[in-house]
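# Based on what follows, work out the 3D shape:
(4 chains)
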2 protein chains.
Amino acid sequence: MEIRGLSGQFNSTLDEKGRILLPAKLRDQLKGCPLVLTRGIDKCLWLFPEDEWKGVSDVLLENSSLFKSKSQMIQRRLLAPATDLAIDKNGRIKIPSSLQRSTGLVRDCIFIGLDDHVEIWDEELYIEFEERCEEDIKDAWEELGNQG
Amino acid sequence: MEIRGLSGQFNSTLDEKGRILLPAKLRDQLKGCPLVLTRGIDKCLWLFPEDEWKGVSDVLLENSSLFKSKSQMIQRRLLAPATDLAIDKNGRIKIPSSLQRSTGLVRDCIFIGLDDHVEIWDEELYIEFEERCEEDIKDAWEELGNQG
DNA sequence: ACAAAATCCCACTTTTTACCACTAATATTT
DNA sequence: AAATATTAGTGGTAAAAAGTGGGATTTTGT
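Take a look at the predicted model:
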(Lines give C-alpha, C1' and ligand atoms only; values in the text may rest on other atoms or scores of the structure.)
Protein backbone atom coordinates (compact mmCIF):
# COMPACT_ATOMS: atom_id res chain seq x y z
CA MET A 1 0.00 0.00 0.00
CA GLU A 2 1.75 3.12 -1.20
CA ILE A 3 0.78 6.35 0.46
CA ARG A 4 1.78 9.83 -0.61
CA GLY A 5 0.49 13.25 0.10
CA LEU A 6 0.51 13.01 3.88
CA SER A 7 0.31 16.55 5.11
CA GLY A 8 -0.94 18.77 7.85
CA GLN A 9 0.25 19.80 11.27
CA PHE A 10 -1.71 18.69 14.32
CA ASN A 11 -1.55 18.72 18.08
CA SER A 12 -2.27 15.66 20.15
CA THR A 13 -1.52 14.58 23.69
CA LEU A 14 0.13 11.48 25.02
CA ASP A 15 -1.77 9.98 27.95
CA GLU A 16 -0.32 8.33 31.07
CA LYS A 17 -0.38 4.96 29.35
CA GLY A 18 1.71 6.09 26.44
CA ARG A 19 -1.20 6.23 24.03
CA ILE A 20 -1.75 9.06 21.60
CA LEU A 21 -4.60 9.78 19.25
CA LEU A 22 -3.72 9.95 15.59
CA PRO A 23 -5.18 13.20 14.29
CA ALA A 24 -8.32 12.39 12.33
CA LYS A 25 -7.03 13.55 8.95
CA LEU A 26 -3.92 11.42 9.17
CA ARG A 27 -5.94 8.51 10.46
CA ASP A 28 -8.19 8.65 7.43
CA GLN A 29 -5.21 8.39 5.15
CA LEU A 30 -3.47 5.66 7.15
CA LYS A 31 -6.33 3.45 8.27
CA GLY A 32 -5.99 -0.20 7.43
CA CYS A 33 -2.34 0.34 6.67
CA PRO A 34 0.43 -1.47 8.61
CA LEU A 35 2.66 1.09 10.26
CA VAL A 36 6.26 1.32 11.43
CA LEU A 37 7.48 3.72 14.09
CA THR A 38 11.15 4.59 14.57
CA ARG A 39 13.52 7.32 15.65
CA GLY A 40 14.01 10.02 13.07
CA ILE A 41 16.81 12.37 12.25
CA ASP A 42 16.39 15.35 14.60
CA LYS A 43 14.70 14.73 17.93
CA CYS A 44 11.48 13.22 16.63
CA LEU A 45 9.80 9.97 15.70
CA TRP A 46 9.02 8.83 12.20
CA LEU A 47 5.77 7.06 11.46
CA PHE A 48 5.85 5.24 8.14
CA PRO A 49 3.44 3.12 6.19
CA GLU A 50 5.20 -0.24 6.16
CA ASP A 51 5.87 -0.23 2.41
CA GLU A 52 7.40 3.21 2.43
CA TRP A 53 9.61 2.23 5.32
CA LYS A 54 10.73 -0.84 3.42
CA GLY A 55 12.03 1.46 0.70
CA VAL A 56 14.05 3.48 3.20
CA SER A 57 15.45 0.53 5.11
CA ASP A 58 16.50 -1.14 1.86
CA VAL A 59 18.58 1.93 1.02
CA LEU A 60 20.14 1.84 4.47
CA LEU A 61 20.99 -1.85 4.27
CA GLU A 62 22.25 -1.70 0.72
CA ASN A 63 25.65 -0.24 1.46
CA SER A 64 25.84 -1.62 4.93
CA SER A 65 28.68 -3.74 6.25
CA LEU A 66 29.91 -5.05 9.57
CA PHE A 67 33.23 -3.45 8.70
CA LYS A 68 31.87 0.07 8.20
CA SER A 69 31.31 1.85 11.47
CA LYS A 70 29.21 4.55 9.84
CA SER A 71 26.68 2.14 8.54
CA GLN A 72 26.58 0.33 11.87
CA MET A 73 25.87 3.66 13.49
CA ILE A 74 22.97 4.36 11.15
CA GLN A 75 21.59 0.90 11.68
CA ARG A 76 21.67 1.25 15.45
CA ARG A 77 20.13 4.67 15.35
CA LEU A 78 17.42 4.23 12.70
CA LEU A 79 16.81 0.60 11.91
CA ALA A 80 17.07 -1.05 15.30
CA PRO A 81 14.46 1.01 17.14
CA ALA A 82 11.84 0.43 14.42
CA THR A 83 8.71 -1.22 15.70
CA ASP A 84 5.47 -2.36 14.09
CA LEU A 85 2.40 -0.49 15.11
CA ALA A 86 -1.36 -0.83 15.06
CA ILE A 87 -4.12 1.75 15.35
CA ASP A 88 -6.52 0.76 18.16
CA LYS A 89 -10.31 0.99 18.15
CA ASN A 90 -10.24 4.58 19.31
CA GLY A 91 -7.75 5.65 16.67
CA ARG A 92 -4.78 5.77 19.02
CA ILE A 93 -1.31 4.30 18.74
CA LYS A 94 0.92 3.14 21.57
CA ILE A 95 4.38 4.67 21.73
CA PRO A 96 6.93 2.35 23.36
CA SER A 97 8.47 4.00 26.39
CA SER A 98 11.99 3.75 24.99
CA LEU A 99 10.91 5.84 22.01
CA GLN A 100 9.14 8.31 24.25
CA ARG A 101 12.34 8.75 26.19
CA SER A 102 14.65 9.11 23.23
CA THR A 103 12.43 11.80 21.72
CA GLY A 104 11.63 13.69 24.89
CA LEU A 105 7.92 13.11 24.44
CA VAL A 106 6.09 14.08 27.59
CA ARG A 107 2.49 15.09 26.96
CA ASP A 108 1.80 17.72 24.30
CA CYS A 109 2.96 16.51 20.90
CA ILE A 110 2.87 17.70 17.32
CA PHE A 111 2.24 15.54 14.26
CA ILE A 112 3.69 16.73 10.96
CA GLY A 113 2.71 15.15 7.67
CA LEU A 114 5.65 15.02 5.25
CA ASP A 115 4.33 13.43 2.07
CA ASP A 116 5.37 9.79 2.64
CA HIS A 117 5.67 9.78 6.42
CA VAL A 118 4.67 11.56 9.61
CA GLU A 119 6.92 13.11 12.22
CA ILE A 120 6.00 13.16 15.91
CA TRP A 121 7.63 15.81 18.08
CA ASP A 122 7.36 16.98 21.64
CA GLU A 123 5.58 20.31 21.20
CA GLU A 124 7.97 22.40 23.24
CA LEU A 125 11.04 20.88 21.59
CA TYR A 126 9.53 21.43 18.16
CA ILE A 127 8.83 25.09 18.77
CA GLU A 128 12.43 25.61 19.91
CA PHE A 129 13.70 23.70 16.90
CA GLU A 130 11.58 25.78 14.56
CA GLU A 131 12.86 29.03 16.01
CA ARG A 132 16.43 27.88 15.49
CA CYS A 133 15.62 27.08 11.84
CA GLU A 134 13.75 30.25 10.98
CA GLU A 135 16.70 32.15 9.53
CA ASP A 136 17.85 29.15 7.51
CA ILE A 137 14.36 28.78 6.13
CA LYS A 138 14.28 32.35 4.89
CA ASP A 139 17.60 31.80 3.15
CA ALA A 140 16.49 28.50 1.63
CA TRP A 141 13.30 30.14 0.43
CA GLU A 142 15.17 32.91 -1.36
CA GLU A 143 17.45 30.34 -2.95
CA LEU A 144 14.43 28.55 -4.34
CA GLY A 145 13.26 31.82 -5.86
CA ASN A 146 16.61 32.42 -7.50
CA GLN A 147 16.56 28.98 -9.11
CA GLY A 148 13.15 29.47 -10.72
CA MET B 1 -9.02 28.56 -11.78
CA GLU B 2 -6.21 31.06 -12.15
CA ILE B 3 -6.50 34.26 -10.20
CA ARG B 4 -4.33 37.35 -10.48
CA GLY B 5 -4.67 40.94 -9.47
CA LEU B 6 -5.52 40.41 -5.82
CA SER B 7 -4.88 43.70 -4.12
CA GLY B 8 -5.90 46.00 -1.34
CA GLN B 9 -5.43 46.20 2.40
CA PHE B 10 -8.33 45.47 4.73
CA ASN B 11 -9.09 45.06 8.40
CA SER B 12 -11.14 42.22 9.75
CA THR B 13 -11.61 40.61 13.15
CA LEU B 14 -11.27 37.04 14.26
CA ASP B 15 -14.14 35.88 16.48
CA GLU B 16 -13.89 33.58 19.48
CA LYS B 17 -14.41 30.55 17.29
CA GLY B 18 -11.52 31.33 15.00
CA ARG B 19 -13.70 32.56 12.16
CA ILE B 20 -12.89 35.65 10.18
CA LEU B 21 -14.81 37.46 7.48
CA LEU B 22 -13.07 37.71 4.14
CA PRO B 23 -13.16 41.36 3.12
CA ALA B 24 -15.86 41.78 0.49
CA LYS B 25 -13.56 42.79 -2.34
CA LEU B 26 -11.31 39.78 -1.89
CA ARG B 27 -14.32 37.55 -1.50
CA ASP B 28 -15.70 38.65 -4.85
CA GLN B 29 -12.47 37.63 -6.52
CA LEU B 30 -12.09 34.35 -4.64
CA LYS B 31 -15.67 33.08 -4.43
CA GLY B 32 -16.24 29.58 -5.72
CA CYS B 33 -12.51 29.00 -5.70
CA PRO B 34 -10.95 26.24 -3.53
CA LEU B 35 -8.47 27.83 -1.17
CA VAL B 36 -5.35 26.80 0.71
CA LEU B 37 -4.11 28.47 3.87
CA THR B 38 -0.56 28.07 5.16
CA ARG B 39 2.19 29.77 7.10
CA GLY B 40 4.10 32.35 5.13
CA ILE B 41 7.63 33.61 5.36
CA ASP B 42 7.55 36.29 8.08
CA LYS B 43 4.94 36.03 10.81
CA CYS B 44 1.84 35.84 8.63
CA LEU B 45 -0.47 33.45 6.85
CA TRP B 46 -0.73 32.95 3.13
CA LEU B 47 -4.08 32.39 1.50
CA PHE B 48 -3.78 30.91 -1.96
CA PRO B 49 -6.20 29.81 -4.65
CA GLU B 50 -5.59 26.07 -4.78
CA ASP B 51 -4.12 26.10 -8.29
CA GLU B 52 -1.63 28.82 -7.49
CA TRP B 53 -0.56 26.96 -4.36
CA LYS B 54 -0.13 23.77 -6.36
CA GLY B 55 2.47 25.56 -8.43
CA VAL B 56 4.41 26.55 -5.32
CA SER B 57 4.19 23.17 -3.61
CA ASP B 58 5.30 21.37 -6.75
CA VAL B 59 8.48 23.43 -6.76
CA LEU B 60 9.05 22.58 -3.11
CA LEU B 61 8.50 18.85 -3.57
CA GLU B 62 10.48 18.65 -6.77
CA ASN B 63 13.96 18.30 -5.32
CA SER B 64 12.80 17.06 -1.97
CA SER B 65 14.23 14.02 -0.25
CA LEU B 66 14.12 12.35 3.14
CA PHE B 67 17.91 12.52 3.09
CA LYS B 68 18.15 16.30 2.63
CA SER B 69 17.64 18.21 5.83
CA LYS B 70 17.03 21.51 4.04
CA SER B 71 14.13 20.20 2.05
CA GLN B 72 12.67 18.56 5.14
CA MET B 73 12.90 21.89 6.92
CA ILE B 74 11.07 23.72 4.17
CA GLN B 75 8.42 21.02 4.01
CA ARG B 76 7.80 21.22 7.74
CA ARG B 77 7.60 24.95 7.79
CA LEU B 78 5.64 25.69 4.61
CA LEU B 79 4.04 22.60 3.15
CA ALA B 80 2.88 20.70 6.23
CA PRO B 81 0.85 23.50 7.79
CA ALA B 82 -1.12 23.95 4.56
CA THR B 83 -4.80 23.24 4.94
CA ASP B 84 -7.73 23.28 2.56
CA LEU B 85 -10.26 25.94 3.22
CA ALA B 86 -13.81 26.80 2.32
CA ILE B 87 -15.70 30.07 2.51
CA ASP B 88 -18.82 29.53 4.62
CA LYS B 89 -22.32 30.80 3.90
CA ASN B 90 -21.57 34.09 5.60
CA GLY B 91 -18.33 34.71 3.74
CA ARG B 92 -16.05 33.69 6.59
CA ILE B 93 -13.13 31.29 6.74
CA LYS B 94 -12.04 29.21 9.73
CA ILE B 95 -8.43 29.60 10.79
CA PRO B 96 -7.11 26.45 12.50
CA SER B 97 -5.91 27.24 16.00
CA SER B 98 -2.37 26.04 15.30
CA LEU B 99 -2.11 28.63 12.53
CA GLN B 100 -3.55 31.30 14.77
CA ARG B 101 -0.90 30.52 17.34
CA SER B 102 2.04 30.38 14.99
CA THR B 103 1.12 33.74 13.50
CA GLY B 104 0.15 35.47 16.72
CA LEU B 105 -3.36 36.17 15.45
CA VAL B 106 -5.54 37.36 18.30
CA ARG B 107 -8.45 39.53 17.16
CA ASP B 108 -7.71 42.45 14.90
CA CYS B 109 -6.18 41.29 11.62
CA ILE B 110 -5.06 42.77 8.35
CA PHE B 111 -5.56 41.26 4.92
CA ILE B 112 -3.11 42.24 2.20
CA GLY B 113 -3.74 41.34 -1.42
CA LEU B 114 -0.51 40.43 -3.25
CA ASP B 115 -1.50 39.64 -6.83
CA ASP B 116 -1.72 35.83 -6.67
CA HIS B 117 -2.26 35.41 -2.93
CA VAL B 118 -3.37 37.15 0.23
CA GLU B 119 -1.43 37.67 3.43
CA ILE B 120 -3.13 37.68 6.82
CA TRP B 121 -1.36 39.42 9.70
CA ASP B 122 -2.12 40.24 13.27
CA GLU B 123 -2.68 44.00 13.09
CA GLU B 124 -0.34 44.94 15.89
CA LEU B 125 2.44 42.66 14.64
CA TYR B 126 2.03 44.02 11.14
CA ILE B 127 2.41 47.60 12.27
CA GLU B 128 5.58 46.69 14.15
CA PHE B 129 6.86 44.80 11.12
CA GLU B 130 6.20 47.79 8.90
CA GLU B 131 8.12 50.06 11.25
CA ARG B 132 11.09 47.69 11.26
CA CYS B 133 11.07 47.64 7.48
CA GLU B 134 10.99 51.41 7.38
CA GLU B 135 14.29 51.51 9.26
CA ASP B 136 15.84 49.02 6.87
CA ILE B 137 14.76 51.20 3.99
CA LYS B 138 16.38 54.25 5.53
CA ASP B 139 19.61 52.32 6.11
CA ALA B 140 19.62 51.07 2.55
CA TRP B 141 19.04 54.59 1.33
CA GLU B 142 22.01 55.96 3.27
CA GLU B 143 24.18 53.11 2.02
CA LEU B 144 23.32 54.08 -1.51
CA GLY B 145 24.45 57.63 -0.78
CA ASN B 146 27.77 56.49 0.69
CA GLN B 147 28.56 54.40 -2.34
CA GLY B 148 28.37 57.35 -4.73
C1' DA C 1 1.80 -17.94 41.53
C1' DC C 2 2.03 -13.12 41.75
C1' DA C 3 2.90 -8.34 40.58
C1' DA C 4 3.38 -5.24 36.89
C1' DA C 5 2.46 -3.92 32.59
C1' DA C 6 -0.01 -3.98 28.35
C1' DT C 7 -4.44 -4.33 25.92
C1' DC C 8 -9.26 -4.08 25.21
C1' DC C 9 -13.40 -1.92 25.69
C1' DC C 10 -16.79 1.30 27.29
C1' DA C 11 -18.50 5.85 28.64
C1' DC C 12 -17.90 10.59 29.03
C1' DT C 13 -16.33 15.38 27.61
C1' DT C 14 -14.79 18.68 24.56
C1' DT C 15 -14.34 20.60 20.15
C1' DT C 16 -15.79 21.31 15.65
C1' DT C 17 -18.96 22.27 12.13
C1' DA C 18 -23.15 23.51 9.81
C1' DC C 19 -26.87 26.22 10.18
C1' DC C 20 -29.88 29.90 11.62
C1' DA C 21 -31.18 34.47 13.28
C1' DC C 22 -30.29 39.02 13.90
C1' DT C 23 -28.22 43.89 13.44
C1' DA C 24 -25.90 47.38 10.77
C1' DA C 25 -24.77 49.55 6.64
C1' DT C 26 -25.48 50.49 1.85
C1' DA C 27 -28.07 50.78 -2.22
C1' DT C 28 -32.58 51.10 -4.77
C1' DT C 29 -37.10 52.54 -5.79
C1' DT C 30 -40.98 55.42 -5.70
C1' DA D 1 -36.63 62.05 1.12
C1' DA D 2 -38.91 57.95 2.92
C1' DA D 3 -39.53 53.31 2.47
C1' DT D 4 -37.79 49.10 1.01
C1' DA D 5 -34.58 45.82 -0.48
C1' DT D 6 -29.93 44.08 -0.50
C1' DT D 7 -25.42 43.19 1.10
C1' DA D 8 -22.11 43.14 5.02
C1' DG D 9 -20.99 41.73 9.43
C1' DT D 10 -21.80 39.27 14.18
C1' DG D 11 -23.27 36.04 17.40
C1' DG D 12 -25.29 31.89 18.99
C1' DT D 13 -27.41 26.92 18.96
C1' DA D 14 -27.48 22.12 18.19
C1' DA D 15 -25.90 17.85 16.08
C1' DA D 16 -21.92 15.33 14.96
C1' DA D 17 -17.21 14.20 15.26
C1' DA D 18 -13.02 14.15 17.76
C1' DG D 19 -10.62 13.43 21.80
C1' DT D 20 -9.95 11.71 26.82
C1' DG D 21 -9.99 8.89 30.87
C1' DG D 22 -10.26 4.85 33.26
C1' DG D 23 -11.71 0.17 34.77
C1' DA D 24 -11.56 -4.77 33.71
C1' DT D 25 -9.24 -8.48 31.54
C1' DT D 26 -5.25 -10.59 29.57
C1' DT D 27 -0.46 -11.09 29.04
C1' DT D 28 4.40 -10.95 30.56
C1' DG D 29 8.17 -11.61 33.39
C1' DT D 30 10.17 -13.26 37.77
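# can we go C-alpha only for contacts and neighbour counts from here?
Noted.
# Secondary structure element holding the closest residue to residue A:40 other than its chain neighbours?
Excluding the flanking residues, the one nearest residue A:40 by Cα to Cα, 6 or more residues apart in numbering or on different chains is residue A:46, at 5.2 Å. Per DSSP states H and E, residue A:46 falls inside strand A:45-49.
# Show the average pLDDT along that strand.
Mean pLDDT, strand A:45-49: 96.
# State the number of residues packed around residue A:91.
16 (other Cα atoms under 10 Å in any protein chain shown).
# Verify the stated contact: it with residue A:25.
No: counting by Cα atoms under 8 Å, residue A:91 stays clear of residue A:25, with 11.1 Å between them.
# List the contacts of the lowest-mean-pLDDT helix or strand in chain A.
Across the helices and strands of chain A, mean pLDDT, DSSP states H and E gives its lowest value to helix A:69-74, namely a mean of 89. Helix A:69-74 has contacts (Cα atoms under 8 Å, 6 or more residues apart in numbering or on different chains) with A:60, A:63-66.
# Let's have those residues in TSV, adding distance to residue A:143, neighbour count and pLDDT.
TSV is the format used below for the contacts of helix A:69-74 (distance: Cα to Cα, whole Å; neighbours: other Cα atoms under 10 Å in any protein chain shown; pLDDT from 0 to 100):
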residue	distance to residue A:143	neighbour count	pLDDT
A:60	30	16	91
A:63	32	9	79
A:64	34	16	83
A:65	37	11	84
A:66	40	8	85
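# Quick check: bridge partners of the spatially most central residue of chain A?
The centre of chain A sits closest to residue A:46, judged by Cα atoms, centre = their mean, with a distance of 1.8 Å. Beta bridges link residue A:46 to residue A:38, residue A:119 when assigned by DSSP bridges.
# what packs against whichever strand or helix holds residue A:134?
Assigned by DSSP H and E, residue A:134 belongs to helix A:123-147. In terms of contacts (3 or more Cα pairs under 8 Å, 6 or more residues apart in numbering or on different chains; DSSP states H and E), helix A:123-147 is packed against strand A:108-114, helix B:69-74.
# any chance of these in JSON lines, plus mean neighbour count?
Conversion of these to JSON lines gives the following (neighbours: other Cα atoms under 10 Å in any protein chain shown):
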{"stretch": "strand A:108-114", "mean neighbour count": "22"}
{"stretch": "helix B:69-74", "mean neighbour count": "17"}
